[in-house]
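>>> Give me coordinates for this.
(2 chains)
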Protein chains: 2
Amino acid sequence: MHNLQPLEIENKSFEIIKEEIDEDYFSLIPEELKPVIVRVIHATADFEFLYNIKFTENFFKKATEALKNGCTILTDVKMIEAGISKNYCEKFGIKVKCYMSSEDVIEYAKKNKTTRAKAALLLHGKEADNGIIAIGNAPTALFQAIEMIKNGEIKPNAIIGVPVGFVGAEESKNELTKLNNVEYITSLGRKGGTPVAVAIINALLKIIS
Amino acid sequence: MHNLQPLEIENKSFEIIKEEIDEDYFSLIPEELKPVIVRVIHATADFEFLYNIKFTENFFKKATEALKNGCTILTDVKMIEAGISKNYCEKFGIKVKCYMSSEDVIEYAKKNKTTRAKAALLLHGKEADNGIIAIGNAPTALFQAIEMIKNGEIKPNAIIGVPVGFVGAEESKNELTKLNNVEYITSLGRKGGTPVAVAIINALLKIIS
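So this is what the prediction gives:
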């Protein structure tokens, strides 16, 4: 156990997940998204995500298309930025951006008494046009993204909307599922989080590599 | 909902958690650690952590002592580094270190066919003497830390050992609970992860601020 190599650990984990997973439900997941679901469960040790995760029909196609084109991934928090595989990003020329700590965002949030996550979307959301917006923490950021997409102000190829928590997270994800002009993946209910967002992105990157 | 401010969201979340939490069990948690448990549940939306989290009697005392002294926090992955509150760290002169991507670590891991997380502990574990080791992802790092502490090679004030996953995570955390020469906090079973480690650290930092 102590001397297992990273790939051995990962493969053994995936074997265990496939043994324990609810096969009746898992078999309904489209083939190309199965590795994504498995990686989320791997990252959280939580089989609930098998049932929570919802996605649009073309999410996989549009998200991988953007990644292959070396798109921008705009994240709400630095934990997602830190978790995305740098090797894969370099390979495709993908740029991962997070503006939570940018001067302009801090100033805007203070002045307008809002969250920095929301301000970051407002000021920099357009950078994810043809790219991907990944939100793992802040419902306010997801609400903002939804509003801007609804109004046609920003045009990401796909949204990964998986904020976690007790206030706003569930509501923001429900709103996301009402959009019909963007492809998305989300985790319904309270659960989600940065490891979920990171697992989805790294799974997609691995598939196309 | 859309225009809630960060502190309002946090306070409302904590209210909901306190309403829904298993009060019989929660009342057994020492007073000073209650905010830590609440913050972990807040970060994961997962009440299982109320039952999973175990700690030694003096964990709180030794961990907060180290933080107040501006200690080093050695993390296994960059996601923890990214999640720890920078404002609090500056206030106390705390240094957060992660060596996952250091040249020496990458080289050592390749040469010795081991994980970079384990190599980082081997090569840099001593930097956390009188400080805190925080492991949210890699069981191999936790096993390595345990071995070095057992042998008296490193002397952290406290360990936050919450790796997540299906292979090694549970076993490494069980090993941690057998140590009697270090204070620790852990999450038994498969669950854990970087948000759990970050929530524990940020909760401690908030308490002493």
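>>> Surely residue A:33 and residue A:55 touch.
Yes - here residue A:33 reaches residue A:55: they are 6.6 Å apart, a contact under CB atoms under 8 Å. Using the backbone N, CA and C atoms, a C-beta is placed for each residue, glycine as well.
>>> Which one's more surrounded, these two?
Applying other CB atoms under 10 Å in any protein chain shown to residue A:33 and residue A:55 shows that residue A:55 carries more neighbours, namely 21 against 18.
>>> who's in contact with that one?
Each residue near residue A:55 by CB atoms under 8 Å, 6 or more residues apart in numbering or on different chains is listed here: A:33, A:183, A:184, A:185, A:186.
>>> quick one: contacts for the second one?
By CB under 8 Å, 6+ apart, residue A:183 lies in contact with A:55, A:56, A:58, A:59, A:61, A:62, A:63, A:157, A:158, A:159.
>>> repeat that for 10 Å
Contacts for residue A:183 (CB atoms under 10 Å, 6 or more residues apart in numbering or on different chains) come out as A:55-63, A:65-66, A:132, A:156-159.
>>> if I look at residue A:33 and residue A:55, which residues touch both of them?
Common neighbours of residue A:33 and residue A:55 (CB under 10 Å, 6+ apart) are A:185, A:200.
>>> Other residues contacting the host helix or strand of residue A:64?
Per DSSP states H and E: residue A:64 is located in helix A:59-68. Helix A:59-68 has contacts (CB under 10 Å, 6+ apart) with A:30-33, A:36, A:55-56, A:58, A:71-73, A:88-89, A:92-94, A:128, A:130-132, A:134, A:156-160, A:182-186, A:200-201, A:204-205, A:207-209.
>>> give me that answer again for 7 Å
With CB atoms under 7 Å, 6 or more residues apart in numbering or on different chains as the test, helix A:59-68 has contacts from A:32-33, A:92, A:94, A:130-132, A:157-158, A:183-185, A:204-205, A:207-208.
>>> Now the buried members of these.
Listed as buried from the contacts of helix A:59-68 are A:33, A:92, A:94, A:131, A:132, A:157, A:158, A:183, A:184, A:185, A:204, A:205; burial here means 16 or more other CB atoms under 10 Å in any protein chain shown.
>>> surely the fifth one meets residue A:156?
Yes - using CB atoms under 7 Å, residue A:132 and residue A:156 qualify as a contacting pair, with a distance of 6.1 Å.
>>> just checking, what packs against the helix or strand of chain A with the lowest mean pLDDT?
In chain A, no helix or strand scores lower on mean pLDDT, DSSP states H and E than helix A:6-20, which sits at a mean of 90. Here helix A:6-20 touches helix A:34-44, going by 3 or more CB pairs under 7 Å, 6 or more residues apart in numbering or on different chains; DSSP states H and E.
>>> so where's chain A shaky on pLDDT?
A:1-4 (pLDDT under 70).
>>> who in it is up against chain B?
Residues of chain A lying close to chain B (CB under 7 Å from any CB of the partner chain) are A:1-6, A:9, A:12-13, A:16-17, A:42, A:44-46, A:78-79, A:81-83, A:113-115, A:140, A:143, A:164-168, A:171, A:190-191, A:193-195.
>>> sorry, back to before: pull the helix holding residue A:64 out as PDB, backbone CA atoms only.
The C-alpha trace of helix A:59-68 is given here as PDB (Å, rounded to 0.1, in the frame of the first residue of the first chain):
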ATOM      1  CA  PHE A  59     -22.200  19.300 -23.000                       C
ATOM      2  CA  PHE A  60     -19.500  16.800 -23.700                       C
ATOM      3  CA  LYS A  61     -19.100  17.800 -27.400                       C
ATOM      4  CA  LYS A  62     -19.000  21.500 -26.800                       C
ATOM      5  CA  ALA A  63     -16.800  21.300 -23.700                       C
ATOM      6  CA  THR A  64     -14.200  19.100 -25.300                       C
ATOM      7  CA  GLU A  65     -14.300  21.100 -28.500                       C
ATOM      8  CA  ALA A  66     -13.400  24.200 -26.500                       C
ATOM      9  CA  LEU A  67     -10.600  22.500 -24.600                       C
ATOM     10  CA  LYS A  68      -9.100  21.100 -27.800                       C
END
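>>> ok now it, how far from the chain's centre?
Centroid separation for helix A:59-68 versus its chain: 13 Å, with CA atoms, centre = their mean, to the nearest Å.
>>> Stretch A:182-193 now?
Put simply, stretch A:182-193 sits 8 Å off its chain's centre (CA atoms, centre = their mean).
>>> start to end distance for that stretch?
For stretch A:182-193, the first-to-last residue distance is 21 Å (CA to CA, to the nearest Å).
>>> so how far is chain B from residue A:132?
Taking CB to the nearest CB, to the nearest Å as the measure, residue A:132 falls 18 Å from chain B.
>>> for the residue lying closest to that residue once chain neighbours are set aside, which residues make a bridge with it?
Spatial nearest neighbour of residue A:132, chain neighbours left out: residue A:73 (4.8 Å); criterion: CB to CB, 6 or more residues apart in numbering or on different chains. Assessed by DSSP bridges, residue A:73 has beta-bridge partners residue A:96, residue A:132.
>>> returning to that earlier point: out of the contacts of helix A:59-68, the closest to chain B would be?
Chain B has its nearest neighbour among the contacts of helix A:59-68 in residue A:205, at 16.1 Å by CB to the nearest CB.
>>> what's the helix or strand containing the closest one packed up against?
Element membership for residue A:205, per DSSP H and E: helix A:194-208. Helices and strands touching helix A:194-208, by 3+ CB pairs under 7 Å, 6+ apart, are helix A:34-44, helix A:59-68, helix A:78-83, strand A:158-161, helix B:194-208.
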